[in-house]
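*Asks:* Sequence first, predicted model second:
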Amino acid sequence: MIGIYPVYHSIIQTEYIKSKEMGGNLVSNAVSYAMLKISMNPLDIYKKLPCINCGECSAKTCMAFAVKLSKKELSTSECLKITEQAKNEINIMLSDIKDWKEKRLAELFEEIAQINFPLIAEGIGAVSYKDSLKIKYMGREVIVSHTDFRDNLSIWDKLLVLMYIKNSGNTPLSGKWTAFRDLKNGLIRAAGFTDICETPLAKMFEENREEFLKKLSAIGSKKTAGFSAEYSFVVHPLPKIPFLVLLWSAEEDFGSACKVLLDSTAADYLDVEALLYLGQAMIRTMKLSR
Ligand code: SF4
């Protein structure tokens, strides 16, 4: 293999080893690490492009092209200036991401194979349904069996739901709202959570408040009271992982602000790496909703 492929492979392997050493959630740690390192950083793809911004592709600039490639929204063949070698290397990177995700998905299905759905359903806030589980994810009901999803979800969303099932948490919610950094192992990912979840929420709120509130409502949020924020909502990306979303309008020199608090039990249901990605998945779902 050439190019960046071995680098990513070693990142993932290192993360696996670290996870093992830490006794952490092997799949979750590796998945979330790769999500951050691979799917969200098109810079490595950009470096392989001609970087001349000739404007002849639909993306118009090389950076925009790299972003779209990383999301699989375009193909390398749309760039007429790219070298064959760069094209091959990028295609390897992209196919590796796909294979990697699918491999993790298959592994997670294997890991939940022995889980007794009726036994864990109540603990995770799901409903046992025939041989499957009905789970509310981002405001919509999804049905998952031991081998497949009935609903059309992105692979990232499927990974999250399966991790949630695999963990089979059953700690009663405490009702104590907690900053991400104060969750178990949260400090190390707190800045990432701000970048991935809180900042985009504040930006969406500032850009079009009416639209933002509509999108928040589309994922099942409920207005709440008793907090100093201008707007307070509770939303359940997963049944036992509520987010308290607090929003403030822009003031003089300061832009809009957002803080997301979680129930203090959240890390019993998903580890912090996966929680971080859950925040990102919420943003993605809101952006896609109409
Ligand atoms: S066609 Fe290629 S070189 Fe031109 S802007 Fe698009 S990606 Fe960049």
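*Replies:* Sure thing, it's come through.

*Asks:* residue contacts, Thr285?
*Replies:* Thr285 is in contact with 138-139, 157, 219, counting by CB atoms under 8 Å, 6 or more residues apart in numbering. Glycine gets a C-beta too; all of them are placed from N, C-alpha and C.

*Asks:* Which members of those are classed as buried?
*Replies:* Buried members of the contacts of Thr285, scored by 16 or more other CB atoms under 10 Å, are 138-139, 157, 219.

*Asks:* With respect to Cys57, which of the contacts of Thr285 is nearest?
*Replies:* Asp157 (29.1 Å; CB to CB).

*Asks:* Enumerate every residue touching the nearest residue to the closest one once chain neighbours are set aside.
*Replies:* Closest residue to Asp157 apart from its sequence neighbours, by CB to CB, 6 or more residues apart in numbering: Ala281 at 6.0 Å. Going by CB under 8 Å, 6+ apart, Ala281 touches 138, 156-157, 160, 237.

*Asks:* Burial check on Asp99, number of neighbours?
*Replies:* Asp99 has 10 neighbouring residues, counting by other CB atoms under 10 Å.

*Asks:* try the one 5 residues further on
*Replies:* Using other CB under 10 Å, the number of residues around Arg104 comes to 21.

*Asks:* wait, isn't it in contact with Lys158?
*Replies:* No: with contact defined as CB atoms under 8 Å, Arg104 does not reach Lys158; the gap is 9.7 Å.

*Asks:* I'd like the distance between Phe109 and Lys240.
*Replies:* Per CB to CB, to the nearest Å, Phe109 is found 21 Å from Lys240.

*Asks:* How is the chain partitioned into domains?
*Replies:* 5-111, 117-167, 177-288 (automatic domain parsing).

*Asks:* Rebuild those domains as a markdown table, extending it with distance to the ligand and mean pLDDT.
*Replies:* Below are the domains of the chain laid out as a markdown table (distance: least, CB to the nearest ligand atom, whole Å; pLDDT from 0 to 100):
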| stretch | distance to the ligand | mean pLDDT |
| --- | --- | --- |
| domain 5-111 | 3 | 73 |
| domain 117-167 | 25 | 95 |
| domain 177-288 | 24 | 94 |
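
*Asks:* show me where this structure has strands.
*Replies:* In the chain, the strands defined using DSSP state E lie at 127-129, 132-137, 140-144, 177-179, 222-223, 231-238, 241-248, 257-263.

*Asks:* and the ones you listed as CSV, adding mean neighbour count?
*Replies:* Formatted as CSV, the strands of the chain follow (neighbours: other CB atoms under 10 Å):
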stretch, mean neighbour count
strand 127-129, 16
strand 132-137, 20
strand 140-144, 18
strand 177-179, 16
strand 222-223, 12
strand 231-238, 20
strand 241-248, 22
strand 257-263, 21
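
*Asks:* Pipe these into JSON lines and attach distance to Ala64 per row.
*Replies:* Putting the strands of the chain into JSON lines (distance: least, CB to CB, whole Å) gives the following:
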{"stretch": "strand 127-129", "distance to Ala64": "43"}
{"stretch": "strand 132-137", "distance to Ala64": "30"}
{"stretch": "strand 140-144", "distance to Ala64": "30"}
{"stretch": "strand 177-179", "distance to Ala64": "35"}
{"stretch": "strand 222-223", "distance to Ala64": "37"}
{"stretch": "strand 231-238", "distance to Ala64": "29"}
{"stretch": "strand 241-248", "distance to Ala64": "29"}
{"stretch": "strand 257-263", "distance to Ala64": "26"}
